[in-house]
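**Q** I would like to see how this sequence folds:
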Amino acid sequence: MGLGRVKSLPFEVIEGEEGSMSSRLVVVGGGAAGMSAASAARRVDPALDIVVLEAGGYAAYGLCGLPYYLAGLVESADDLLAYPPSFFREQRRIDLRLNARVTQLDPQRQTICYAQDGRERRLGYHRLIVTAGGVPVRPPIPGLDDERVFTVRTLEDAISLRSLLDAGRIGQVLVVGAGYVGLEMAEALTARGSAVTVVEALAQAMPNLDAPVAALVEAEVRRRGVDLRLGTRLEKLARAGDRLVARIGGQQLSVDAVVLATGVRPASSVAAAAGAATDQAGALLVDESMRTSLPDVFAAGDCVATHHRVLGRPAFVPLGPAANKTGRVAGTVAAGGAASFTGIVGTAVVKVFDLAVARTGLTLTETLAEGLRAVATDATGKSRAKYYPGTSPVHVRLVHTPGGRLLGAQLVGAGDGVAKRIDPIAIALQAGFDVGDLVAADLSYAPPYAPVYDPVLLAAQAANAANAIASQPNSLAV
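**A** The predicted model follows:
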């Protein structure tokens, strides 16, 4: 994964310069989207020449599993591999080339240049799929080039950090960023016995939640012993012997390692430099068939902006399920088949210690930023029948217009019940349901799994009642 510039390398021309290969598909990136694309293309055309160029030393691994590998829940790095490289090469006849970083794209000549083994090479293509993924955001802070600073965006990075943890050399660690990855890393490192400090520049954790919902997560993180500091920035980092000294919020903190979890940006620079259209975030713009604005060039995964079905426009929302789906569509169409991707609603769930935290659609903050008139309705119900052992609270926030149009939801609670409940709301968003439709949803019930009045139904009933009051003449509702 990843596109980058490589200079001053010996140059070698190989395999079909200037598009002379009439039936070669080249895929840039060997992550979820890339290998899904290559595999889908092979199913469509058994005779197609398929080459995958992966910048790192591993392909087709579970990126979202890295925190669990670091926590020790996943024993071996190999367990994260969907298939070994030999499977793709021998069973699917895909020419997978590791440590091959793409440096330049020439859409007129239909060639790409890539660096591998200290040489720069040129490769012609008939069709090209860019699945370069995302690049970690690295703030311009002195000291971040130290070897004890990790982004945990690649398996190599995770293996290096895991070796230090296994050797007992990470007693205290600083995590920069309190989003999904930052809090997952805080949990993983706490599980390994490290003392964890998390700093977040914003005033709340998990900025993709509304503040009242994020407060529930913050309380859980602090309850589990993490030193969570909000509204605090990492200002400087310096080496002090075997340790690092971080200046945060004007104070000094000595740590054994730093984990950067400050977000990702789309790895689109090479395609964009070749003229591919992008959105304001730099993500590649694609149509339903994953075609970019360049002829015979497709894109998929974390480097693209896909159609957001609630916003009604493209949005950069890098999540694993969409990466796999868009990769499959891109590979199918590039190989001559028919497929389309109709968009996302931004559904995600994350484990934060004993809580599951989920969202779909838009938050109230996001909705108001779009200039839409919206309100939020909160309700708290039980995960199971109140008399059944193990029941726990589930907090639901529905975001909707005063007229009842459903715009999004956020859920926080313990266990699998949150993941069970966010999915039907995501389907409701895709189907265009309003909160009245959600009230009528025929959800499952059994005491071990859900109460008769599910928390989602309680929230929908409250939202529907509020909408009814707001719609009455002389109503004082705002």
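
**Q** Any idea what the residue lying closest to G134 once chain neighbours are set aside is bridged to?
**A** The shortest distance from G134 to any non-neighbouring residue, by C-beta to C-beta, 6 or more residues apart in numbering, is to V264 (3.5 Å). The C-beta positions use only the backbone N, C-alpha and C, and glycine is treated the same way. When assigned by DSSP bridges, V264 has beta-bridge partners P136.

**Q** how about the strands in the stretch 351-478 of the chain?
**A** Listed in chain order, the strands of the stretch 351-478 of the chain (DSSP state E, counting those that start in this stretch) span residues 355-361, 375-382, 393-400, 406-414.

**Q** How about the backbone phi and psi for L209?
**A** Geometry field for L209 lists phi and psi as phi -120, psi 160, criterion degrees, to the nearest 10.

**Q** And it, how far from E200?
**A** Distance, L209 to E200, by C-beta to C-beta, to the nearest Å: 13 Å.

**Q** Neighbours of the residue nearest to G134, how many?
**A** Close neighbours of V264, defined as other C-beta atoms under 10 Å, add up to 19.

**Q** How about S86?
**A** Residues near S86, counting by other C-beta under 10 Å: 9.

**Q** Can you tell me the SS state at it?
**A** At S86 the chain is in helix, as set by DSSP: H, G, I helix; E, B strand; the rest coil.

**Q** which residues does it contact?
**A** The neighbourhood of S86, defined by C-beta atoms under 8 Å, 6 or more residues apart in numbering, contains no residues.

**Q** can you pull the pLDDT of it?
**A** pLDDT, S86: 95.

**Q** From A466, how far off is it?
**A** Counting by C-beta to C-beta, the gap from S86 to A466 is 58 Å.

**Q** So what touches whichever strand or helix holds V196?
**A** Using DSSP states H and E, V196 falls within strand 195-200. Residues outside strand 195-200 that contact it (C-beta under 8 Å, 6+ apart) are 171-178, 182-183, 186, 189-190, 205, 221, 225-234, 248-249, 253, 255.

**Q** Give me the subset of those lying in strands.
**A** Judged by DSSP state E, the subset of the contacts of strand 195-200 located in strands is 172-176, 227-230, 234, 248, 253, 255.

**Q** quick one: which of these is nearest D78?
**A** Set against D78, the nearest of the ones in strands among the contacts of strand 195-200 by C-beta to C-beta is V173 (25.1 Å).

**Q** so that closest one touches T190, yeah?
**A** No: applying C-beta atoms under 8 Å, one finds V173 not in contact with T190, separated by 9.4 Å.

**Q** Can you pick out the residue with more neighbours from those two?
**A** Applying other C-beta under 10 Å to V173 and T190 shows that V173 carries more neighbours, namely 26 against 18.

**Q** who's that one bridged to?
**A** Bridge pairing for V173 - DSSP bridges - gives V196, A257.

**Q** show me what contacts it?
**A** V173 touches L189, S194, A195, V196, T197, V255, D256, A257, V258, V259, counting by C-beta under 8 Å, 6+ apart.

**Q** Same check on T278?
**A** By C-beta under 8 Å, 6+ apart, the contact list for T278 reads P266, S268, A272, L284, L285, A305.

**Q** Swap in 7 Å and give it another go.
**A** Counting by C-beta atoms under 7 Å, 6 or more residues apart in numbering, T278 touches S268, A272, L284, L285.

**Q** Now a ChimeraX select for only the buried ones of the contacts of strand 195-200.
**A** Selection of buried members from the contacts of strand 195-200 for ChimeraX, criterion 16 or more other C-beta atoms under 10 Å:
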select :172,173,174,175,176,177,178,182,183,186,189,190,205,221,226,227,228,229,232,233,234,248,253,255
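
**Q** Let me know the angle separating the strand holding V196 from strand 172-176.
**A** Interaxial angle, strand 195-200 versus strand 172-176 (axes from the mean of the first three to the mean of the last three C-alpha atoms, to 10 degrees): 20 degrees.

**Q** Quick one: distance of strand 195-200 to the chain centre.
**A** 21 Å (C-alpha atoms, centre = their mean, to the nearest Å).

**Q** among the contacts of V173, who's most crowded?
**A** Counting neighbours by other C-beta under 10 Å, V259 leads those with 28 neighbours.

**Q** ends of stretch 77-86, how far apart?
**A** Start-to-end span of stretch 77-86 (C-alpha to C-alpha, to the nearest Å) is 16 Å.

**Q** cool, stretch 132-143 as well?
**A** So stretch 132-143: terminal residues 27 Å apart, C-alpha to C-alpha.

**Q** What lies in contact with that stretch?
**A** 1-3, 28-29, 31, 144, 151, 153, 234-238, 260, 262-268, 301-303, 318.

**Q** Quick check on those: which are buried?
**A** 1-3, 28-29, 31, 144, 151, 153, 234-235, 237, 260, 262-268, 301-303, 318.

**Q** Which strands or helices does the lengthiest helix in the chain pack on?
**A** Assignment by DSSP state H gives helix 455-471 as the longest helix of the chain. Where contact means 3 or more C-beta pairs under 7 Å, 6 or more residues apart in numbering; DSSP states H and E, helix 455-471 is packed against strand 375-382, strand 393-400, helix 417-431, helix 435-439.

**Q** For S160, which of the ones you listed is the nearest?
**A** Set against S160 and scored by C-beta to C-beta, the helices and strands packed on helix 455-471 come closest in helix 417-431, at 31.1 Å.

**Q** and that closest one, how far out from the chain's middle?
**A** 18 Å.

**Q** swap in stretch 427-440?
**A** Worked out by C-alpha atoms, centre = their mean, stretch 427-440 lies 25 Å from the chain centre.

**Q** before we move on, back to that, quick one: buried residues of the longest helix of the chain?
**A** 455-464, 466-467, 470.

**Q** How about stretch 149-156?
**A** Neighbour-count burial for stretch 149-156, counted by 16+ other C-beta under 10 Å, picks out V149, F150, T151, V152, R153, T154, L155.

**Q** what are the phi and psi values for the spatially most central residue of the chain?
**A** Nearest to the mean C-alpha position of the chain, counting by C-alpha atoms, centre = their mean, stands L319 at 3.4 Å. Note on L319: backbone dihedrals following degrees, to the nearest 10 are phi -140, psi 150.

**Q** Does it touch A348 like I think?
**A** Yes: between L319 and A348 a contact is recorded at 5.8 Å, counting by C-beta atoms under 7 Å.

**Q** Please enumerate the helices of the protein.
**A** Assigned helices in the chain, in chain order: 32-44, 66-71, 85-86, 155-166, 180-191, 211-223, 269-273, 320-334, 364-369, 417-431, 435-439, 455-471 (criterion: DSSP H).

**Q** Output the fifth one as PDB - backbone C-alpha positions only.
**A** Spelled out, that is helix 180-191. The C-alpha coordinates for helix 180-191 follow below in PDB (Å, rounded to 0.1, in the frame of the first residue of the first chain):
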ATOM      1  CA  TYR A 180     -10.800   4.800  17.100                       C
ATOM      2  CA  VAL A 181      -7.200   3.700  16.700                       C
ATOM      3  CA  GLY A 182      -5.800   5.700  19.600                       C
ATOM      4  CA  LEU A 183      -8.300   4.200  22.100                       C
ATOM      5  CA  GLU A 184      -7.900   0.700  20.700                       C
ATOM      6  CA  MET A 185      -4.100   1.100  21.200                       C
ATOM      7  CA  ALA A 186      -4.700   2.500  24.700                       C
ATOM      8  CA  GLU A 187      -6.600  -0.700  25.500                       C
ATOM      9  CA  ALA A 188      -4.100  -3.000  23.900                       C
ATOM     10  CA  LEU A 189      -1.100  -1.400  25.700                       C
ATOM     11  CA  THR A 190      -2.900  -1.400  29.000                       C
ATOM     12  CA  ALA A 191      -3.600  -5.100  28.500                       C
END
